[in-house]
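**Student:** 3D model of this:
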Amino acid sequence: MIGYFLKAGDESVSEMFSPYIWKEHGFGTLFENAYINKSYGNDLKLILIMYYVEGAFNINGPENLKVNNYSNKKKDISVAITVLPNQFHNRNEFERREFIVDSTLKAVKLVRDKLSKKKNLDIKFEELISDVIEIGDEYLRYKKLII
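**Tutor:** Alright, predicted model coming up:
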């Protein structure tokens, strides 16, 4: 239901950021493992969160969080998030995890707000938000370092 995409300004930034999403204890991995077969309704199959992480090179991400258009055919929507060094790179382990959880939750809520204007969509946003919070709490309590 929630997928991630990463575009980084350089390889070192990618190597720093990606374990927080995809490695064994990354947020995306934990969420997928916990809710792999769960459905949140018939009208939304994927929320793609696209992180544009600045590094040595500017990656030209959006200035603010940007919710793209919903696709009726594919039943998906994406949210673009630009990540600046002061938001992630210069933070400690726990603050980086908080950023991932908070930005995921914010993206889901923005999608909910945008799609609530469309009538008759079968999407269980409150259940999805609750599950993101539950996995987020587990993710934030995890003792080992991500990297």
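**Student:** rest of the way, CA atoms for contacts and neighbours
**Tutor:** OK.
**Student:** Tell me the helices and strands packed up against whichever strand or helix holds Lys109.
**Tutor:** Element membership for Lys109 (DSSP states H and E) is helix 93-115. Helix 93-115 sits against strand 46-53, strand 66-67, strand 76-83, helix 125-141, with contacts defined as 3 or more Cα pairs under 8 Å, 6 or more residues apart in numbering; DSSP states H and E.
**Student:** Direction included, what does the shortest one pair against?
**Tutor:** Paired with strand 66-67 in the same sheet, following DSSP bridges, are strand 76-83 (antiparallel).
**Student:** Between helix 125-141 and the helix holding Lys109, find me the angle.
**Tutor:** Inter-element angle recorded for helix 93-115 and helix 125-141: 170 degrees (by axes from the mean of the first three to the mean of the last three Cα atoms, to 10 degrees).
**Student:** what's the spacing between the residue most central in space within the chain and Leu48?
**Tutor:** Geometric centre of the chain, nearest residue: Thr104, 3.7 Å, by Cα atoms, centre = their mean. Using Cα to Cα, to the nearest Å, Thr104 is found at 10 Å from Leu48.
**Student:** Give me the neighbour count for Ser39.
**Tutor:** A count of neighbours around Ser39, defined by other Cα atoms under 10 Å, yields 14.
**Student:** no, scratch that, I was asking about Tyr142
**Tutor:** 12.
**Student:** In terms of secondary structure, what does the strand or helix carrying Asn33 contact?
**Tutor:** Applying DSSP H and E as the criterion places Asn33 in helix 27-35. Contacts defined by 3+ Cα pairs under 8 Å, 6+ apart place helix 27-35 against strand 2-8, helix 125-141.
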